[in-house]
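Engineer: I would like to see how this sequence folds:
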Amino acid sequence: MHSKAISSQFGARIFGSIWWLSVVVFVLALGLAAYAIHLRRSARALIDAAAKIQTTTDAEREIAIWRQRLPRDYSESRSADGRGRAFQFQMSNYLLSKFRLVPKTGTLLQVTTSSGQLSEVLLGMYTEKSSVWAQEEFSEKEPEQFNVSFQRDGSGKPIKTILMFTSNLAATKREGAFAFDANCLVRPGGCRSAEEILPTLPQLQNY
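Structural biologist: Okay, here's the model as predicted:
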């Protein structure tokens, strides 16, 4: 009888431990799911912010918004002559990559001004295997320009794609240049190529 009681108590403890472990795993899964949803929405909003900036007033508005939204992931720098200022905001899927659910991926928005006037918007998304950068230059005197260049590894595979264009670019083409996929930060397996990060890239190359 004594051995049966001990066995029963041991079984109850095992069951209790498994139950609590299941609860912990369930809560953790819910937390990570909520984090992924929030991260995707935030990344989408940051990407959209780049496309919204077309004037100095737009830049000031978006800088103010994102300084509040990303106080820990915001930095500011000045040029040597003090005329230029760069406002940088970035986010990454740190928790998801830490749990090895998604490859490490980040997105960055940098707004640059010169003498108080908007001069450049830079949007980027990067992984350990590839990155895409869209750089828009603001100058009233510049003719419409659009260029795509690549940095390749030893095998010739593109590891960095750079889009450079002027602010007077046709609206549909400009929209395509900023059409980064926010799902890259939360998608299992991540985005492994420039075309996955920026699905409109093949079309942009054909313009």
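
Engineer: Can you tell me the SS state at the nearest residue in space to Cys184 that is not next to it in sequence?
Structural biologist: Distances taken as CB to CB, 6 or more residues apart in numbering place Cys191 nearest to Cys184, at 3.8 Å, with adjacent residues excluded. C-beta here means a position set from N, CA and C on the backbone, and glycine is covered the same way. Here Cys191 is recorded as coil under DSSP: H, G, I helix; E, B strand; the rest coil.

Engineer: OK, contacts around the residue nearest to Phe178 when sequence neighbours are not counted?
Structural biologist: Using CB to CB, 6+ apart and skipping the chain neighbours, the partner closest in space to Phe178 is Ala51 (4.3 Å). Contact analysis of Ala51 by CB atoms under 8 Å, 6 or more residues apart in numbering lists 174-175, 178.

Engineer: and those, which are buried?
Structural biologist: Among those, those buried by neighbour count (16 or more other CB atoms under 10 Å) are 174, 178.

Engineer: So which residue is dead centre in the chain?
Structural biologist: The chain has Thr107 as the residue nearest its centroid, 2.4 Å off, counting by CA atoms, centre = their mean.

Engineer: follow-up on the earlier one: check what pLDDT the residue nearest to Phe178 gets.
Structural biologist: For Ala51, the model assigns a pLDDT of 96.

Engineer: Okay, and it sits in which element?
Structural biologist: helix 2-52 (DSSP states H and E).

Engineer: Just say helix, strand or coil for the residue nearest to the centre of the chain.
Structural biologist: Using three-state DSSP, the secondary structure recorded for Thr107 is strand.

Engineer: Could you check how far the residue lying closest to it once chain neighbours are set aside is from Gly190?
Structural biologist: Computed as CB to CB, 6+ apart, the closest residue to Thr107 that is not its neighbour in sequence is Met125, at 4.6 Å. Look at Met125 and Gly190: by CB to CB, to the nearest Å, they are 11 Å apart.

Engineer: Among these two, which residue is more densely surrounded?
Structural biologist: More crowded of Met125 and Gly190, by other CB atoms under 10 Å: Met125, with 26 against 23.
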